[in-house]
Every structure is written in C-alpha cells, then in structure tokens.
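Colleague: Need coordinates for the below:
(one chain, ligands or ions: 2)
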Amino acid sequence: MFSKSKKAVFLDRDGTIIEDRGFLKSPSDVVFFPETFEALKILRKEGFLLFIVTNQAGIVRKIITEDDMKAVNRHILGELSANGIKIEEVFCCPHDDSGNCEFRKQSPFFLKKAADKHCLDLKNSYMIGNHPGDVKAGLNCGAKGIYILTGGGIKHRQEAEKTGVLILPDILAASEWIKICAEIEKIHRDGGLPEKIEKAARAIKGGGTVVMPTETVYGLGSDATNPGAVEKIFRIKRRPANDPLIVHVSDMKMLDGIVRGIPDKAMLLAERFWPGPLTLVLKKKPLIPDIVTAGLPTVAVRMPMHPIAVELIKKSNCPISAPSANLFSCLSPARYSDVAAEILDSADSAISGGNCLRGIESTIISFSDEDNPALLRAGSLAVEKIEALIGPISRRHSSGGSSEAPGMQRKHYSPGTPLFLIKSPSDVPDKKRRNSALICFGEPGGSEKRGFAQIRILSADCEFRSAASLLFSTLSELDRLGLDGIYAVPAEERGLGIAINDRLRRAAAK
Ligand code: TXA
Ligand code: MG
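Modeller: Ligands and ions are numbered 1, 2, ... in the order given. All right, here's what the predicted structure looks like:
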C-alpha cells in the first residue's frame with residue numbers, strides 16, 4: 001500500500017498568486033504579485049507539491065470562454081516554470097454559486113481529488129487563498145487554511161476571522177509561516193512544545209523573563225505592563241535605561257489597549273504587513289510603564305509572525321516587551337545556539353525555534369509626528385515596500401543620542417573580532433588576508449578572494465533576503481575562529497541590502 005506521505009499546498013489563483021483583475025480573457029491580463037515567485041520557491045524547497053484551485057464563474061456567465069481560461073492558465077504555468085517552479089495540476093470550476101455545483105470552493109472536491117491521485121497527506125497540507133471560501137475548502141477536507149489579505153482579502157477579513165483561520169499579509173508571508181512551522185517541527189519532534197510554551201507563559205505572568213524565537217531574531221521577553229519584570233530585561237542585557245524596548249502584541253485588540261489612536265498611514269501598514277517584521281512607534285497609553293519606553297510618550301509595537309511568539313503572547317495574556325536576546329551592543333542572535341550563555345542562564349525560561357527566518361531585526365517606523373512618518377531603523381521589511389504603500393518617509397535614524405531614535409548607537413551588533421568595511425577585496429593587502437575573513441554579496445574574482453583564511457559569499461538574490469537571514473549567524477560563526485579581522489564589502493543599497501549595510505556599519509564602528 002502507498003503511504004499518504006506527500007504534502008501539498010493548494011493555491012487560489014486570482015488575488016493570491018496573481019492580481020485580481022476580474023475574469024481574465026488573455027495571458028496579457030496576467031499580473032503576478034512580485035512576491036509570488038519567492039514564495040512558491042520556498043514551498044517547493046520545503047518539499048510541498050503545488051496545485052492551483054480556482055473558481056472561474058466567468059465561464060458559465062459567458063464573460064470568458066473555457067479556452068480563454070486555459071490560455072491564461074498555460075501562461076501562468078509557463079511563467080512559473082521559467083522560474084523553476086513546478087505546479088502539479090490546475091483545477092478549475094467554471095460554475096457560479098447559483099447552481100448546485102460540487103466542485104466550487106468552498107467544496108473540497110478538487111483537493112480531495114488531488115489527494116487521491118497524488119497520494120497526499122491532507123492533514124499536513126495547506127490551502128492558501130484570499131477568500132473565505134478558499135480556506136473553508138481546505139478546512140472542509142482536514143487541511144490547514146491560511147487566509148491572505150491581497151486582492152480584496154481585506155474586504156472579507158471579518159468573515160474569515162469567524163472561521164478562526166490564520167490571517168497573514170500575502171502569499172510570501174504564508175509561505176514563510178509554513179517554513180517556520182517546518183523548522184519548529186524539526187526542533188520539537190518530541191511533541192513537548194505546548195508544555196514549554198505553557199511553562200514560559202507562567203514565567204511571564206509571574207514577572208519573569210523568557211528567551212523566545214521571533215521571525216527576525218531571538219528576543220528576551222517579559223510582561224510589558226509589569227515594571228519589575230521589564231527591569232529584569234535591562235539588568236540581564238546590561239542595557240542602558242535610555243534605550244526603549246519594543247512591545248509585542250498578538251492582535252489588534254491588544255494593540256488598542258496600549259496605544260492612543262492609530263494614524264491612517266500606520267493602520268495601512270499594520271493591515272498590510274502584520275503579523276511581520278515591522279515595528280510602529282505610536283502614542284502610548286498609561287498601561288505601558290515608563291521603563292519600557294525610556295520615559296518617552298510613545299511606544300514601539302509590533303505583531304510578530306512566529307507561531308511560538310504569538311502563542312506565548314496569547315497564553316501569557318499580556319503584551320510582551322522584548323529586545324533582541326543579546327548582551328548590549330553585541331551581535332543579535334538569529335539562531336538559538338547564538339543566544340549568549342549568560343542570557344540563557346539568567347532567563348527564567350527559554351524556547352528554541354531553530355533558525356530565525358529573517359535574521360535581521362524589524363524595520364522601525366515612527367509616527368510620533370503623525371503627518372511625517374520616519375524610518376528609525378532599516379530592517380527585515382524593505383523600506384521600498386513601505387513607501388510603495390504610504391508614500392515617501394523621512395530617514396531620521398541617527399547615530400546615537402537623538403531623542404527621536406534613542407538606542408540607535410553608532411556602534412552596535414558588534415562581533416569581538418574587528419570588522420572592516422572595504423570597497424573591494426583588492427583593498428586588503430596579502431599579509432592581512434592570511435588570518436582574516438572576507439564577507440561579500442555575490443561572487444568575488446579569483447585574485448580578489450585569494451589568500452583569505454575564510455570566505456563567506458552571501459547571496460545577492462533579488463532582495464538580499466537570504467543574505468540578510470545569514471548575516472548575524474555568519475558574523476557570529478566567524479567571530480569564534482580567532483581571526484585578526486573580518487573584511488566586508490557592503491551590499492547594494494536596495495531592498496534588504498539597506499538593512500544589511502546598516503548592521504555592517506554599526507558592527508564596524510569603533
Ligand atoms: O525584530 C525586532 O525588532 C527584535 C525582535 C525581538 O522583535 N527586537 C529588537 O529590539 O530589535 P531592540 O531592543 O534590539 O530594539 C529596540 C529599538 C530601540 O533601540 C530603539 O531604537 C527603538 O527600538 N525604539 C523603541 N521604542 C522606541 C520609541 N518609543 N521611540 C523610538 N524608538 C524606539
Ligand atoms: Mg482569490
């Protein structure tokens with residue numbers, strides 16, 4: 001007998017992987033979301049078979065023909081295939097909801113059909129879509145559903161919320177979430193995770209501290225409403241009191257409890273990018289004590305996407321203040337093994353989540369001046385994506401001491417080994433290469449790399465996502481080798497390259 005071991009992701013088409021532009025007549029009407037390719041590559045790499053399941057009522061309503069639909073689908077599969085992404089099969093229902101159609105989502109008909117044909121394990125499969133009917137089709141056959149907010153997804157959000165399904169910003173976030181879940185499963189094979197989260201939540205409620213994974217870096221968390229608990233974080237990290245903390249919430253209701261009003265542009269950002277690696281600085285309510293915000297009238301808040309972090313906040317039933325789980329001014333830990341022993345020893349509880357997906361901290365946008373949002377820290381969410389939604393934002397990140405961006409030290413995220421920024425590897429003389437490392441983004445020339453003791457080439461993929469995710473762990477690994485120096489050629493100043501270069505500059509600062 002065949003075992004049903006293969007796992008699948010079923011994808012809605014319009015509004016999920018391509019823009020929803022009504023019933024599409026021709027391939028030239030197809031516009032892919034820019035995130036789709038990256039997202040589906042992640043899923044394929046995680047071993048999922050991919051299927052498209054789409055309702056095309058335009059056929060029965062004679063707005064498009066079956067041939068139009070087929071031509072459009074062929075084009076979609078062609079584009080995906082050109083990017084190395086294989087779709088096993090496309091299922092299409094031509095009916096609308098007037099008849100008694102057994103195919104149309106929310107019916108799980110096609111999902112079950114695929115499961116029979118391809119020996120799929122539906123329990124470990126997902127359906128991703130931007131309509132409540134999509135996720136219901138998944139839930140109706142025992143798969144997991146993820147609702148995303150692109151292509152009109154925000155419109156039906158409340159209906160989706162009623163199904164209790166997970167809601168994420170877009171196809172990329174959904175794929176990342178699935179990847180993080182796979183990482184968690186690897187780490188917690190023994191099935192003991194729920195108890196560990198319970199124990200950590202008890203520590204938080206009792207005024208203690210917890211090392212917790214997030215999708216950016218590990219955090220050291222405590223109850224953000226308990227000044228005594230927050231004080232422990234500052235003590236353990238040896239962090240100066242004038243460096244405020246980021247508060248993590250699990251939902252909008254919790255957010256409402258701690259901030260006074262949300263400016264329209266901040267709301268747009270929250271709706272589009274939460275849960276995820278974006279921190280918003282907003283006016284605080286008295287529930288957040290002054291120690292969290294270093295006396296500022298504003299509080300930095302984010303809604304993390306990591307399932308362990310979210311569950312911990314929910315179980316603790318309070319917002320969690322959590323700076324990165326490093327000693328002050330040292331490298332941020334993007335792997336559990338990089339959390340300093342001193343921090344693990346001092347914390348009341350710790351949960352491993354394996355490697356952090358993003359590896360660089362959240363992007364911080366301040367709304368302290370509502371009409372003039374400002375970038376305080378470049379981070380895991382590319383600033384271009386933020387500006388595409390709310391227009392240009394000012395850059396106010398400073399090199400320390402500013403009341404606008406407290407805690408933005410010029411020197412930060414530093415390895416013990418001296419780090420130098422160079423324009424080109426050729427700038428490093430031979431004798432200095434012998435016991436030094438070279439970090440660069442993209443392949444260096446033969447003579448450029450000759451003679452270095454260690455070379456780390458971080459990928460220069462479209463947005464530097466993979467490079468960003470490996471930056472801190474690479475620095476921390478090189479830092480253990482007893483080298484004389486680490487030489488880094490900055491990335492191009494675009495996408496996450498901006499955040500990478502920011503961290504490298506601070507790491508290099510004396
Ligand atoms: O990804 C992240 O953001 C990680 C994970 C754990 O969520 N957290 C993190 O926290 O990076 P931390 O403490 O390393 O950075 C907090 C920074 C402060 O140094 C400060 O620059 C800024 O956030 N910040 C916090 N509250 C602020 C406020 N009210 N106004 C302006 N900046 C603030
Ligand atoms: Mg759709």
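Colleague: where's Glu159, which helix or strand?
Modeller: Applying DSSP states H and E as the criterion places Glu159 in helix 157-162.
Colleague: Let me know whether that helix sits next to ligand 2.
Modeller: No - if you take C-beta under 5 Å from the ion as the test, helix 157-162 misses ligand 2, and the best it gets is 12.0 Å. (C-beta placed from N, C-alpha, C; glycine too.)
Colleague: could you dump that helix to CSV, C-alpha only?
Modeller: Once non-C-alpha atoms are left out, helix 157-162 reads as follows in CSV (Å, rounded to 0.1, in the frame of the first residue of the first chain):
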residue,chain,number,x,y,z
ARG,A,157,-11.5,39.8,6.6
GLN,A,158,-14.2,39.7,9.2
GLU,A,159,-15.9,36.7,7.6
ALA,A,160,-12.5,34.9,7.5
GLU,A,161,-11.9,35.8,11.2
LYS,A,162,-15.1,33.9,12.1
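Colleague: Can you spell out which helices and strands pack onto it?
Modeller: On a contact count with 3 or more C-beta pairs under 8 Å, 6 or more residues apart in numbering; DSSP states H and E, helix 157-162 meets helix 132-139, strand 166-168.
Colleague: Minimum distance to Ile180: which of those has it?
Modeller: Closest to Ile180 of the helices and strands packed on helix 157-162 is strand 166-168 (C-beta to C-beta; 11.2 Å).
Colleague: After the closest one, heading C-terminal, what element do we hit next?
Modeller: Sequence-wise, the next helix or strand downstream of strand 166-168 (DSSP H and E) is helix 171-187.
Colleague: For that next one, what does the pLDDT average out to?
Modeller: Mean per-residue pLDDT for helix 171-187: 95.
Colleague: Give me the distance between it and the centre of its chain.
Modeller: Once both centres are worked out by C-alpha atoms, centre = their mean, to the nearest Å, helix 171-187 turns out to sit 10 Å from its chain's centre.
Colleague: How about stretch 441-451?
Modeller: When C-alpha coordinates are averaged (C-alpha atoms, centre = their mean), stretch 441-451 and its chain have centres 31 Å apart.
Colleague: just stretch 23-36 next, same as before
Modeller: Centroid separation for stretch 23-36 versus its chain: 25 Å, with C-alpha atoms, centre = their mean.
Colleague: could you dump that stretch to PDB, C-alpha only?
Modeller: C-alpha atoms of stretch 23-36 as PDB (Å, rounded to 0.1, in the frame of the first residue of the first chain):
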ATOM      1  CA  PHE A  23     -12.200  37.400 -15.200                       C
ATOM      2  CA  LEU A  24      -9.000  37.200 -17.300                       C
ATOM      3  CA  LYS A  25      -9.500  36.800 -21.000                       C
ATOM      4  CA  SER A  26      -6.000  36.700 -22.200                       C
ATOM      5  CA  PRO A  27      -2.400  36.000 -21.000                       C
ATOM      6  CA  SER A  28      -1.600  39.700 -21.300                       C
ATOM      7  CA  ASP A  29      -4.100  40.300 -18.500                       C
ATOM      8  CA  VAL A  30      -2.000  38.300 -16.000                       C
ATOM      9  CA  VAL A  31       0.000  40.300 -13.500                       C
ATOM     10  CA  PHE A  32       1.900  38.300 -10.900                       C
ATOM     11  CA  PHE A  33       2.400  39.600  -7.400                       C
ATOM     12  CA  PRO A  34       6.100  40.300  -7.100                       C
ATOM     13  CA  GLU A  35       6.300  38.100  -4.000                       C
ATOM     14  CA  THR A  36       4.800  35.000  -5.700                       C
END
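Colleague: thought Val135 was touching Glu161?
Modeller: No - Val135 is beyond contact range of Glu161, at 10.9 Å (criterion: C-beta atoms under 8 Å).
Colleague: Near the closest residue to Arg61 other than its chain neighbours, how many other residues are there?
Modeller: Nearest in space to Arg61, with sequence neighbours left out and distances taken as C-beta to C-beta, 6 or more residues apart in numbering, is Asp96 at 6.3 Å. If you count neighbours by other C-beta atoms under 10 Å, Asp96 ends up with 15.
Colleague: Roughly how far does Asp96 sit from Asn73?
Modeller: Separation of Asp96 from Asn73 (C-beta to C-beta, to the nearest Å) stands at 19 Å.
Colleague: go on, Arg503?
Modeller: Counting by C-beta to C-beta, the gap from Arg503 to Asn73 is 43 Å.
Colleague: With Gly22 instead?
Modeller: Look at Gly22 and Asn73: by C-beta to C-beta, they are 16 Å apart.
Colleague: Looking at those two, which has the bigger crowd around it?
Modeller: Remark: of Gly22 and Asn73, Asn73 carries more neighbours, 20 against 10, as counted by other C-beta under 10 Å.
Colleague: doesn't Ile87 make contact with the more buried one?
Modeller: No - if you go by C-beta under 8 Å, Asn73 and Ile87 don't touch, sitting 9.2 Å apart.
Colleague: Find residues that contact each of these two.
Modeller: Shared contacts of Asn73 and Ile87 (C-beta atoms under 8 Å, 6 or more residues apart in numbering): Ile52.
Colleague: What residues of stretch 388-395 count as buried?
Modeller: Applying a neighbour-count criterion of 16 or more other C-beta atoms under 10 Å, one finds 390, 393 buried in stretch 388-395.
Colleague: nope, stretch 424-439 is what I was after
Modeller: Buried residues in stretch 424-439, counted by 16+ other C-beta under 10 Å: 425, 428, 433, 436-439.
Colleague: Break this protein down into its structural domains.
Modeller: Domain assignment for the chain, taken from automatic domain parsing, gives 8-185, 193-395, 419-508.
Colleague: Now for the residue lying closest to Gly221 once chain neighbours are set aside, how many residues are close by?
Modeller: Nearest residue to Gly221, sequence neighbours excluded (C-beta to C-beta, 6+ apart): Ala322, at 3.8 Å. Neighbourhood size, Ala322 [other C-beta under 10 Å]: 28.
Colleague: Quick check on Ala322: phi, psi?
Modeller: Here is the backbone geometry of Ala322 (degrees, to the nearest 10): phi -150, psi 110.
Colleague: Verify the contact between it and Val217 for me.
Modeller: No - when contacts are counted by C-beta under 8 Å, Ala322 is not listed as touching Val217 (9.9 Å).
Colleague: check contacts around the residue of the stretch 1-150 of the chain found nearest ligand 2.
Modeller: In the stretch 1-150 of the chain, the residue that lies nearest ligand 2 is Gly15 (3.4 Å; C-beta to the ion). Residues near Gly15 by C-beta under 8 Å, 6+ apart: 129-131, 150-153.
Colleague: what's it sitting at in phi/psi?
Modeller: phi 90, psi -10.
Colleague: Find the nearest non-adjacent residue to it, please.
Modeller: Leaving aside its sequence neighbours, Gly15 sits nearest to Gly151 (C-beta to C-beta, 6+ apart; 2.3 Å).
Colleague: so where does that neighbour fall, helix or strand?
Modeller: With DSSP H and E as the test, Gly151 turns up in no helix or strand.
Colleague: just Val53 next, same as before
Modeller: Applying DSSP H and E as the criterion places Val53 in strand 49-55.
Colleague: Other residues contacting that strand?
Modeller: Residues contacting strand 49-55 (C-beta under 8 Å, 6+ apart): 6-14, 17, 40, 43-44, 73, 76, 85-93, 104-105, 110-111, 114, 118, 120, 127, 133-134, 137.
Colleague: give me that answer again for 6 Å
Modeller: If you take C-beta atoms under 6 Å, 6 or more residues apart in numbering as the criterion, strand 49-55 is touched by 6, 8-11, 13, 87-93, 104-105, 110, 114.
Colleague: same thing with stretch 131-143?
Modeller: Applying C-beta under 6 Å, 6+ apart, the contact partners of stretch 131-143 are 12, 105-106, 108, 111-112, 122-123, 125, 127, 129, 145, 147, 156, 159-160, 165.
Colleague: Just give me how far it sits from the chain centre.
Modeller: Remark: stretch 131-143 is offset 24 Å from the chain centroid, using C-alpha atoms, centre = their mean.
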